[in-house]
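**Q** Need coordinates for the following:
(one chain, ligands or ions: 1)
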Amino acid sequence: MSPRLTPNPDNRLSVDLAALEANLAACRALLSPGMRVAGVVKADAYGHGLLPVARRLKAAGVEALAVGVASEGRRLRREGIAGEIFLLMGARPEQAPQVVADGLTPVCADLAVFQALSAAAQSLGRPATCQLKVDTGMSRLGVAPDQVLDLLDRLAALPGLRLTGLVSHLATAGDPASDQARRQSAIFAELLGAARAKGHVLADSSLVGSGGALVPPPASPAAPAYARLGIVLYGGLPDPAATGRATLRGVMSYRSRLLAVRRARAGAAVSYGATWIAPRDTWLGVVPVGYSDGYPRAASNRAAMLVGGRLAPVRGRVCMNLTVIDLEGIEPLPRVGDEVVLLGNQGQAAISADQLGDWAGTISYEITCALGAANRRHYQG
Ligand SMILES: *Cc1c(COP(=O)(O)O)cnc(C)c1O
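**A** Numbering: from 1, shown residues only. This is a model prediction of the structure:
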């Protein structure tokens, strides 16, 4: 494992692989019969660690994995991980020989890339599996819907190319009230139907991610198809509106210990910028975690941490390696060395990645990516 930025032994980031597996089971129960799961492990598995997560998901029976770029797929292959691996961001033409040799499935939209894949397939003497990305309304990647049927016919003529599916991504999945997801799913269903009527099987097509799994859009593609599941596997929600659709467990937790406990006098200013002034004499705790550890600075004066099973509000600005919390009212008064939970459970209380993201004005995805990138990870379960 690569060296991590924070040597502070009091800070501990844990990844609960049993919770990951439980979340997979909970989400599978929501999918229509025959739907397969691609476990999304891009961005170092949302900060949880590419290889341990990929291995556990495979052992738990996911039918495919999805990464962002070819180097991630290559790492998985080098570690002996077999089976379908989608490259969600496709590939450049010059990467085609390696991608085909690794047996990866890039999701592409550019004819030049398909041609390069076909050429690589011919020179390597093995088929190049790939998928076609369609922009049904996210305006990010993919060809326009009106180009798809023509393009499918042209791709069918490229030797060695095995096009296994149409792929699109919903901009507003997870929000049951969204009209956007309804429109996008209708476009996708119509395209897939028309393509299949022309003889293109496209059995590994996929439209929904976590949002569409929790809140299926009206025209979800029927099996055979994949759901590309990311954040729900890690215990986060794609949208607050999807709350309550599945019982999910937090996979990542982050704990520290009180570095100092001190009494601030009424009127004392706390941390950089003096953005919090003690309204009365106040017990404060100092936690050796800051934004260099992946704890969001935007959580300044907004988040809370668990100490003694109680929520202790963050006071003043989050610093590079330190954060001050308010211990008033926590009985008995916490002591230096006591456990502080920044993410995860303490007794009956818990702070979810969604909650921490909300405090920081962001989303669970960014919270786990940042914490996971900055800390050594410990695996359990
Ligand atoms: C990241 C990503 C996913 C997974 O999204 P979640 O909301 O985490 O489930 C699915 N599809 C594509 C194309 C993605 O980029």
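**Q** I'd like to know how far the residue in the chain that the ligand sits nearest to sits from Leu88.
**A** Nearest to the ligand, among the residues of the chain, is Gly230, at 2.3 Å (C-beta to the nearest ligand atom). No exception for glycine: its C-beta is placed from N, CA and C like everyone else's. Going from Gly230 to Leu88 by C-beta to C-beta, to the nearest Å gives 10 Å.
**Q** shared neighbours, the two?
**A** Residues touching both Gly230 and Leu88 (C-beta atoms under 8 Å, 6 or more residues apart in numbering) are 40, 42, 66.
**Q** Tell me how many other residues surround the residue lying closest to Ser118 once chain neighbours are set aside.
**A** Among residues not flanking Ser118 along the chain, Leu158 sits closest, at 3.9 Å (C-beta to C-beta, 6 or more residues apart in numbering). Leu158 has 19 neighbouring residues, counting by other C-beta atoms under 10 Å.
**Q** Now do the SS call for Leu158.
**A** Each residue gets one of three states, and Leu158 gets coil by DSSP: H, G, I helix; E, B strand; the rest coil.
**Q** I'd say it and Ala112 touch.
**A** No: between Leu158 and Ala112 there is no contact under C-beta atoms under 8 Å: 11.6 Å.
**Q** contacting residues for the residue nearest to Ser118?
**A** Leu158 neighbours (C-beta under 8 Å, 6+ apart): 114-115, 117-118.
**Q** So which of the shared contacts of Gly230 and Leu88 sit within strands?
**A** Within those, residues falling in strands by DSSP state E are 40, 66.
**Q** ok, so of the shared contacts of Gly230 and Leu88, who is nearest Gln346?
**A** Closest to Gln346 out of these is Val40 (29.1 Å), distances taken as C-beta to C-beta.
**Q** Find the nearest non-adjacent residue to the closest one, please.
**A** Val40 sits nearest to Gly230 (C-beta to C-beta, 6+ apart), 3.5 Å away.
**Q** Enumerate every residue touching that neighbour.
**A** Counted by C-beta under 8 Å, 6+ apart, Gly230 has contacts 40, 42, 46, 66, 209-210, 365.
**Q** Include distance to Gln122 and neighbour count when you put those into JSON lines, please.
**A** JSON lines is the format used below for those (distance: C-beta to C-beta, whole Å; neighbours: other C-beta atoms under 10 Å):
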{"residue": "Val40", "distance to Gln122": "31", "neighbour count": "28"}
{"residue": "Lys42", "distance to Gln122": "29", "neighbour count": "20"}
{"residue": "Tyr46", "distance to Gln122": "37", "neighbour count": "26"}
{"residue": "Ala66", "distance to Gln122": "26", "neighbour count": "27"}
{"residue": "Gly209", "distance to Gln122": "34", "neighbour count": "22"}
{"residue": "Ser210", "distance to Gln122": "38", "neighbour count": "28"}
{"residue": "Tyr365", "distance to Gln122": "39", "neighbour count": "20"}
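**Q** from those, which is closest to Ala22?
**A** Ser210 (15.3 Å).
**Q** Does that closest one touch Gly235 like I think?
**A** No: the pair Ser210 / Gly235 is not scored as a contact, 10.7 Å apart, by C-beta under 8 Å.
**Q** For the longest helix seen in the chain, buried residues please.
**A** If you go by DSSP state H, the chain has its longest helix at helix 179-197. Buried residues in helix 179-197, counting neighbours by 16 or more other C-beta atoms under 10 Å, are found at 180-181, 183-185, 187-189, 191-192, 195.
**Q** can you tell me which two in the contacts of Gly230 are farthest apart?
**A** Ala66 and Tyr365 (14.7 Å).
**Q** His169 contacts Met138, correct?
**A** Yes: contact status for His169 versus Met138: in contact at 5.2 Å, counting by C-beta under 8 Å.
**Q** higher neighbour count, those two?
**A** His169 (25 against 15).
**Q** how about that one, what does it touch?
**A** So His169 contacts 138, 140-142, 207, 209 (C-beta under 8 Å, 6+ apart).
**Q** What are the boundaries of the helices in this structure?
**A** 17-28, 42-46, 50-59, 70-78, 96-101, 111-124, 148-156, 179-197, 210-214, 353-359, 364-374.
**Q** highest average neighbour count across these?
**A** Scoring the helices of the chain by mean neighbour count under mean count of other C-beta atoms under 10 Å gives helix 210-214 as the most buried, with a mean of 27.
**Q** Which elements pack onto that one?
**A** Judged by 3 or more C-beta pairs under 8 Å, 6 or more residues apart in numbering; DSSP states H and E, the packing partners of helix 210-214 are helix 17-28, helix 179-197, strand 226-229.
**Q** quick revisit: would a markdown table of the helices of the chain with distance to Arg257 and mean pLDDT be doable?
**A** Listed next are the helices of the chain as a markdown table, based on distance: least, C-beta to C-beta, whole Å; pLDDT from 0 to 100:
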| stretch | distance to Arg257 | mean pLDDT |
| --- | --- | --- |
| helix 17-28 | 23 | 98 |
| helix 42-46 | 26 | 98 |
| helix 50-59 | 25 | 98 |
| helix 70-78 | 34 | 98 |
| helix 96-101 | 46 | 98 |
| helix 111-124 | 50 | 98 |
| helix 148-156 | 56 | 96 |
| helix 179-197 | 44 | 94 |
| helix 210-214 | 34 | 94 |
| helix 353-359 | 19 | 98 |
| helix 364-374 | 17 | 97 |
